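Trainee: Sequence below, structure please.
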Amino acid sequence: MNTRLNILYYSFYVLAIVLVALLGFVIDLSEVVMLPQSGSGEVLQYVSIMYVLLSVPGALYGFKRYMGKVSKMEDAARQEKAYMCAAVMRMTLIGIGVLLCIAAFYLLGSYQSMLWCAAMALIAFYFCKPSEKKIYLEMHNMNDGDRPSE
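Mentor: Predicted coordinates for the structure are as follows:
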């Protein structure tokens, strides 16, 4: 389970780097760049900002609440499957925000606000990084100090 989540986690980083490489160096955006003050530019800004503002706390809080229910499941296989689905959903929701803001940054002619927005989503995405210890703690709805001694 940890391996599949790590692959997804690092895939979003690779997609972000590929998007930066494509939009920043390969594709000539001089003809498709929107002005940030134009109607379509403002809509793109609002959509990007609202997506990040809603998806980051929504995904993190929603995941935490759902783990409260998952921790009470008796069947370990069902518990792992539920955790896997929720972790994938959390990473996907936040990762899409990173990619959306990177694209908006280049489409708006290097509009710096979109870069800050992407950075906020990227910082939130860091908190989704899977590890064996973190998976165990989240699946059992525990804090770091609550882990039983082994």
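
Trainee: Find the residue at the geometric middle of this protein.
Mentor: Among the residues of the chain, residue 94 comes closest to the average C-alpha position under CA atoms, centre = their mean, at 2.1 Å.

Trainee: Report the distance from stretch 1-10 to the chain centre.
Mentor: 13 Å (CA atoms, centre = their mean, to the nearest Å).

Trainee: what's in contact with it?
Mentor: Residues from elsewhere that reach stretch 1-10 (CB atoms under 8 Å, 6 or more residues apart in numbering): 80, 83-84, 87-88, 91-92, 128-132, 135. Using the backbone N, CA and C atoms, a C-beta is placed for each residue, glycine as well.

Trainee: List buried residues within these.
Mentor: Those of those that meet the buried threshold are 83, 87, 91, 128, 130, 135, by 16 or more other CB atoms under 10 Å.

Trainee: Against residue 99, how distant is the second one?
Mentor: By that I understand residue 87. 18 Å (CB to CB, to the nearest Å).

Trainee: Likewise for the fifth one?
Mentor: According to CB to CB, residue 130 stands 19 Å off from residue 99.

Trainee: on that earlier part again, so which of the buried ones among the contacts of stretch 1-10 is the closest to residue 19?
Mentor: residue 91 (16.5 Å; CB to CB).

Trainee: quick one, what contacts the closest one?
Mentor: 5, 8-9, 12, 125, 128.

Trainee: let's see it at 7 Å
Mentor: Neighbour list for residue 91: 8-9, 12, 128 [criterion: CB atoms under 7 Å, 6 or more residues apart in numbering].

Trainee: buried set for the helix or strand harbouring it?
Mentor: In the assignment (DSSP states H and E), residue 91 maps to helix 76-107. Along helix 76-107, these residues count as buried under the neighbour rule (16+ other CB under 10 Å): 79, 82-83, 86-87, 90-91, 93-107.
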